[in-house]
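sequence-free structure coming up:
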């Protein structure tokens, strides 16, 4: 069987409710809706972290963030370490299967030498290394809030480049199209990681997109404009696959890296009140929270011949499942890798149920576990930097996906079982962190303040 091409499209801070195929009604995302019509749309898909670096680490390695050595948001200065070179990545594994590989867009898994895209299997890379940049000047300036120097952060194959005034979303799409064309000429299967930074702050979009969404409130309008540019990019990628006659042999997977941001810096006008431009689809919590709104994300898999069309899938999946799914289908040997994820092809969009398993999350003292329809959260925070809402919160997601009702006293046995499982898991993560990851990074691994922004 001919090896499939793989494209992963990852958006940044896009909420569960910010796609029209997920029920959003105030703006449309027709090209991502097309992916859903022609593939499987997941209702219970999770980012492996409520912030971006952990989710990216899980997607790239098939492991929980803590087992990949990346537990929170990595810092953006040029000596910041991240995903260490000894950890096999999806790109590395696919290269062993004969693939050519490319990253276009956001990396955010380390800026230091040894932690950059070419150290993790990417033949080509274009984009930026830190967590966010200005969409037009391509300057990372989050640290300006801490009176540190801003840095320019735009690269192509290890060389710093300057394209001041060009919109980052458009550049990510253009570089993706170029790689697809070149790969077709090389006649090798390819893996393309498209890391859009939208709709992460700063809230920038070209006038043509802002004008497209007249009538929306200002915060919602700029969010829609940024996602409109992404959606058009997805359409261009799909059109290029069709032009190159490889659409039917290309797997396209889409997800967001975590829930929507409520950070006041989205406003860019000095306001201190929270930003609510993104939608969790009425889920509880936002980015930085291990309640559903921070970790349950939109996800779509279009894979002709491997998954059916137009199916809505309620089985539980997570970012860490992409590595084993792709590598196995490409002919790789999964026994060569340490993996926490699973191959989803036996059940995605099919009549077979997803196998039962516990899935865990953690960030800055918060821990959560989902088992079947049950979800337990320990020390869950709705807002970063505040005291937990409850020390223990139990919800039945089948009946209460908004986690409104705390059932810990109604089901004490389930609460205790899940509490023990969560505490045992996080203890293992902490032990490995102290014994393996901190020594391996020589103590240089650095995160943003409070590990949650």
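Yes, it's here. It should be emphasised that the depicted structure is a prediction, and the values quoted were computed from it without experimental measurement. Residues are numbered from 1 along each chain as shown.

Would you mind measuring from the residue nearest the centre of the chain to residue 402?
With distances taken as C-alpha atoms, centre = their mean, residue 257 lies nearest the centre of the chain, 2.2 Å away. Distance of residue 257 to residue 402, given as C-beta to C-beta, to the nearest Å: 22 Å. From N, CA and C alone the C-beta is placed, and that goes for glycine too.

so how many other residues sit close to the nearest residue to residue 71 once chain neighbours are set aside?
Excluding the flanking residues, the one nearest residue 71 by C-beta to C-beta, 6 or more residues apart in numbering is residue 65, at 5.4 Å. Applying other C-beta atoms under 10 Å, we find 28 residues neighbouring residue 65.

Relative to residue 441, how far out is residue 65?
14 Å.

And for residue 294?
26 Å.

same deal with residue 380?
28 Å.

cool, and residue 152?
25 Å.

same deal with residue 348?
Residue 348 is 35 Å from residue 441, by C-beta to C-beta.

These two: who's more crowded?
The neighbour comparison of residue 348 against residue 441 (other C-beta under 10 Å) goes to residue 348, with 23 against 18.

Residue 104: which element?
Assigned by DSSP states H and E, residue 104 belongs to strand 100-106.

The helix or strand following that strand versus strand 100-106: what angle between them?
Going down the chain from strand 100-106, the next helix or strand is strand 124-128, by DSSP H and E. Interaxial angle, strand 124-128 versus strand 100-106 (axes from the mean of the first three to the mean of the last three C-alpha atoms, to 10 degrees): 10 degrees.

Can you name every helix or strand that strand 124-128 contacts?
strand 100-106, strand 155-156, helix 168-186 (3 or more C-beta pairs under 8 Å, 6 or more residues apart in numbering; DSSP states H and E).

List the buried residues of the longest one.
Within helix 168-186, the residues scored as buried using 16 or more other C-beta atoms under 10 Å are 168, 169, 171, 172, 173, 175, 176, 177, 179, 180, 183, 184.

Report the contact partners of the residue nearest to the centre of the chain.
Counting by C-beta atoms under 8 Å, 6 or more residues apart in numbering, residue 257 touches 10, 11, 12, 13, 14, 47, 49, 51, 52, 55, 56, 297.

Which residue ranges of the protein form helices?
Secondary structure of the chain (DSSP state H): helices at 30-37, 52-61, 65-68, 90-96, 168-186, 207-212, 218-243, 292-295, 322-329, 412-432, 438-440.

Which of these has the lowest mean pLDDT?
Lowest mean pLDDT of the helices of the chain: helix 438-440, a mean of 87.

which residues touch the residue lying closest to residue 3 once chain neighbours are set aside?
In this structure, residue 3 finds its nearest non-sequential neighbour in residue 189, 4.2 Å apart by C-beta to C-beta, 6+ apart. For residue 189, the contact set (C-beta under 8 Å, 6+ apart) comprises 2, 3, 4, 5, 6, 97, 98, 99, 100, 330.

picking that back up, isn't the residue nearest to residue 71 right up against residue 58?
Yes - with contact defined as C-beta atoms under 8 Å, residue 65 and residue 58 form a contacting pair (5.5 Å).

Identify the contacts common to the two.
Common neighbours of residue 65 and residue 58 (C-beta under 8 Å, 6+ apart) are 48, 49.
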